[in-house]
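**Student:** Please find the sequence and the predicted model below.
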Amino acid sequence: MSRYPTKVATSFFVVVFISELFLIFYLYKITINLVIEEEYSRLLEYGANHRDVLVENYSPQTIRHIVLMEEEKDRDIIITDQTGEIIRSSENIKLLENNLPLVKDIKEEKDQMLITDWKTSPYIVSVHPYEVDESISGYVAMFLGTSSIHQMVKMVNTYFAIAGASSLIILLMMYIVSLKLLTRFAKREDVNE
């Protein structure tokens, strides 16, 4: 009997396996980037909303209310004046002390991410400049703990591992079925000749 069916089935298996590997890797990278970008966007949105409320209704009560809104969440906030001095902050400020010099030296003119290294940093940070009038301005700095990002990435890893294992099992089943079909076809051809 010819080795033709084995070669065809193996070639099919290798081509599909390599294509699937590249596709899963590509989809994985896109998914992780989308998850991270979503967290950046959400943090920027929360900070911009707090800044807008602060500009519209600047008062000690508004500042206190903004900080209280973040107390029960996995986010923290620092509100500074134009000199970089902290007006008010979350109670977890002790956890943020490593980033305080960074926050005090902000010179940004628009909303942006200040710290984006979610892999090694305990926080990602966004900054939002505000200006009520010429004498009242400063920054709203939003901190989001990266543990939630790590949990989401771990969940995505699990889903992709399950999808990869499932697709490999299906591919192996297809290999076995195609090998059997090609072998039968080859036997019929040998008998007919």
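**Tutor:** Done, it's in. As the structure is a computational prediction, the values presented were derived from the model and not from experiment.
**Student:** For L172, grab the count of nearby residues.
**Tutor:** By the criterion of other Cβ atoms under 10 Å, L172 has 12 neighbours. C-beta: built from backbone N, CA, C; applies to glycine.
**Student:** check contacts around the residue sitting nearest the centre point of the chain.
**Tutor:** Central residue of the chain (Cα atoms, centre = their mean): I36, 2.0 Å from the mean position. Contacts here follow Cβ atoms under 8 Å, 6 or more residues apart in numbering; on that basis I36 touches W118, I149.
**Student:** which SSE is I79 in?
**Tutor:** strand 75-81 (DSSP states H and E).
**Student:** Mind giving me the packing neighbours of that strand?
**Tutor:** Judged by 3 or more Cβ pairs under 8 Å, 6 or more residues apart in numbering; DSSP states H and E, strand 75-81 is in contact with helix 4-56, helix 60-69, strand 86-89, helix 100-104, strand 137-145.
**Student:** one more time with 6 Å, if that's ok
**Tutor:** Applying 3 or more Cβ pairs under 6 Å, 6 or more residues apart in numbering; DSSP states H and E, one finds that strand 75-81 contacts strand 86-89, strand 137-145.
**Student:** Ok, which of those comes nearest I63?
**Tutor:** strand 86-89 (4.9 Å; Cβ to Cβ).
**Student:** Which residues does the closest one contact?
**Tutor:** The contact list for strand 86-89 (Cβ atoms under 6 Å, 6 or more residues apart in numbering) reads I63, V67, I78, I79, T80, D81.
**Student:** give me that answer again for 7 Å
**Tutor:** Under the contact criterion Cβ atoms under 7 Å, 6 or more residues apart in numbering, strand 86-89 has outside partners I63, R64, V67, I77, I78, I79, T80, D81, G138.
**Student:** and those, which are buried?
**Tutor:** I63, V67, I77, I78, I79, T80, G138 (16 or more other Cβ atoms under 10 Å).
**Student:** Surely the first one and T80 touch.
**Tutor:** No: in this structure I63 lies outside contact range of T80 using Cβ atoms under 7 Å: 10.9 Å.
**Student:** Any regions of this protein where pLDDT drops low?
**Tutor:** For the chain, applying pLDDT under 70 flags the ranges 1-2, 92-105, 189-193.
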